[in-house]
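Novice: I'll drop the sequence and a predicted model, then ask my questions.
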Amino acid sequence: MQNTLLITGGAGFIGSNFILEWFNKELESATTIVNVDALTYAGNLMNLLELAHHPLYRFEHADICEAEKMSALFEQYQPRAVVHFAAETHVDRSIVGPEAFLRTNVQGTFTLLQAAMKYWKALPAADRGLFRFLHVSTDEVYGSLGPEDPPFSETTPFQPNSPYSASKAASDHFVRSYYHTYGLPTLTTNCSNNYGPYHFPEKLIPLMIANALDEKPLPIYGDGKNVRDWLYVKDHCSAIRRVLAEGIVGETYNIGGCNELTNLQVVHTLCNILNTLAPRKRGSYEELITFVKDRPGHDRRYAINATKIERELGWKPAETFETGIRKTVQWYLDNRTWTDKVRNGSYRQWEALNYGQRA
Ligand code: NAD
Ligand code: DAU
């Protein structure tokens, strides 16, 4: 076994932040990072340009659904751990086209588990105990909370409501079963909504920033009172590093920021920051807020109880929403070419399809 991490989906939002943070924070560990990514519309190697020639970084253009390729990568790199980010992740796309979610999130995770198992079983006994398969999942598997319900804990029953969350719940169950049935040393994390640099602008926060700067409507689904629990992406990455290093195999860990906000509160905050940092020629950004037709099956509220990871692994987020969101807006202001490049032809098609039907 080598001092190598096999990261799937490392060209996406959280995966690329994780890899960049790894090289910032863990330099002394001399770990090689192998990034396995199919480069779907959400994958972007521009995010990792600074690592292109780094001696400890490798990129493998591959689909996690390809069984032979996955096995070959395990054989070639002999990783000490897998950190599995690769997924289809946008709830609205899962409503329009659920098949891709079934394929990557369920079939892909299953394929990766099979390849990991084959590799792990052939390891020397001492290495078998050290190997880890860390599955990155979401709070959406728990369903939707009422206003007075306690936040999701690790024992909250799964009640997924969208094809996206159903596919993630299925993948979580497969991971759990590989620990209980075969003893594969798995770890699962269920995290709340992330925000920060390199967030694909189909999602609420980067979409609102990009639309505001383009003087386009800021589309709020329904009444805008749905609640999400926001966590700065680098805090999610530090939690994953902590679980990878110290998590108990077979366990799941909830990760969240204790930042429950309605969508309207988030968008007003963004408008306020933009009014100061990039004022419009006339008027304020709030004037662009537009209420549109709701998302079908729209979960009302998510909130995470993160006491287990705080108590058992000593993790805490470094950013509050106020500090994290300012950094995020500043990043998008400093990196407008990134957003412009990402919002290419296929993005425009998605935008027309999703928002056309909500007018
Ligand atoms: P993303 O959509 O930004 O990136 C997904 C990445 O996976 C892309 O690089 C894409 O090219 C790659 N990918 C997709 N299908 C693939 C396949 N078949 N084979 C190989 N690579 C493939 O996603 P994200 O927001 O960075 O989320 C990463 C993980 O974290 C996902 O598993 C998601 O469910 C989970 N998660 C996300 C959030 C959030 O707020 N974004 C919160 C909790 C958990
Ligand atoms: O909770 C974790 C999940 O968070 C992750 O597992 C998902 O991968 C990630 O996409 C995110 O899911 P959400 O559905 O919560 O995120 P999204 O950014 O799509 O939407 C956030 C909220 O904003 C939600 O209530 C819908 C609303 N919304 C979204 C968009 C894109 C709008 O009001 N208008 C919009 O245009």
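Specialist: Nice, I can see it. Numbering: from 1, shown residues only. Ligands and ions are numbered 1, 2, ... in the order given.

Novice: tell me which helix or strand the residue located most distally from the centre of the chain sits in.
Specialist: What lies farthest from the middle of the chain is R282; by C-alpha atoms, centre = their mean that is 36.2 Å. Following DSSP states H and E, one finds R282 outside all helices and strands.

Novice: per-residue confidence for it?
Specialist: Among the per-residue scores, R282 shows a pLDDT of 94.

Novice: what do you get for E26?
Specialist: 72.

Novice: that one touches R241, doesn't it?
Specialist: Yes - taking C-beta atoms under 8 Å as the definition, E26 is a contact partner of R241 at 7.2 Å. Backbone N, C-alpha and C define where each C-beta goes, glycine included.

Novice: of the two, which one has the most company?
Specialist: R241 (18 against 14; other C-beta atoms under 10 Å).

Novice: get me the contact residues on the stretch 101-250 of the chain for ligand 1.
Specialist: T104, G108, V136, S137, T138, K168, C191, N193, N194, F200 (C-beta under 6 Å from any ligand atom).

Novice: in strands only, show me these.
Specialist: V136, S137, T138, C191, N193, N194 (DSSP state E).

Novice: in the sheet, who's paired with the residue nearest to the fifth one when sequence neighbours are not counted?
Specialist: Going back to what we said before, that points to N193. Excluding the flanking residues, the one nearest N193 by C-beta to C-beta, 6 or more residues apart in numbering is R228, at 4.4 Å. With DSSP bridges as the criterion, the beta-bridge partners of R228 are L261.

Novice: how many residues are close by R228?
Specialist: 22.

Novice: could you do A122 as well?
Specialist: 11.

Novice: just G314 next, same as before
Specialist: 9.

Novice: how far away is it from ligand 2?
Specialist: 24 Å (C-beta to the nearest ligand atom, to the nearest Å).

Novice: now the phi/psi pair for the residue of the stretch 251-359 of the chain found nearest ligand 1, please.
Specialist: In the stretch 251-359 of the chain, the residue that lies nearest ligand 1 is I255 (8.0 Å; C-beta to the nearest ligand atom). Backbone dihedrals for I255, given as degrees, to the nearest 10, come out at phi -130, psi 130.

Novice: count of neighbours near it?
Specialist: Residues near I255, counting by other C-beta under 10 Å: 28.

Novice: same check on the one 3 residues further on?
Specialist: Burial measure for C258: 18 neighbouring residues, criterion other C-beta under 10 Å.

Novice: which phi and psi does it have?
Specialist: phi 60, psi 40.

Novice: how about the residues of the chain by ligand 2?
Specialist: 89-91, 138-140, 192-193, 203-204, 207, 219-221, 226, 228, 263, 295, 302.

Novice: helices - which of the residues you listed land there?
Specialist: V91, L204, L207, N263 (DSSP state H).

Novice: adding distance to A11 as columns, could you present the residues you listed in a markdown table?
Specialist: Formatted as a markdown table, these follow (distance: C-beta to C-beta, whole Å):
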| residue | distance to A11 |
| --- | --- |
| V91 | 21 |
| L204 | 21 |
| L207 | 20 |
| N263 | 28 |
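
Novice: which other helices and strands contact the lengthiest helix in the chain?
Specialist: Ranked by residue count, the top helix of the chain under DSSP H comes out as helix 163-182. The contact analysis (3 or more C-beta pairs under 8 Å, 6 or more residues apart in numbering; DSSP states H and E) places helix 163-182 against helix 91-96, helix 99-101, helix 109-121, strand 132-138, strand 186-191.

Novice: just want the angle from it to strand 132-138.
Specialist: 150 degrees (axes from the mean of the first three to the mean of the last three C-alpha atoms, to 10 degrees).
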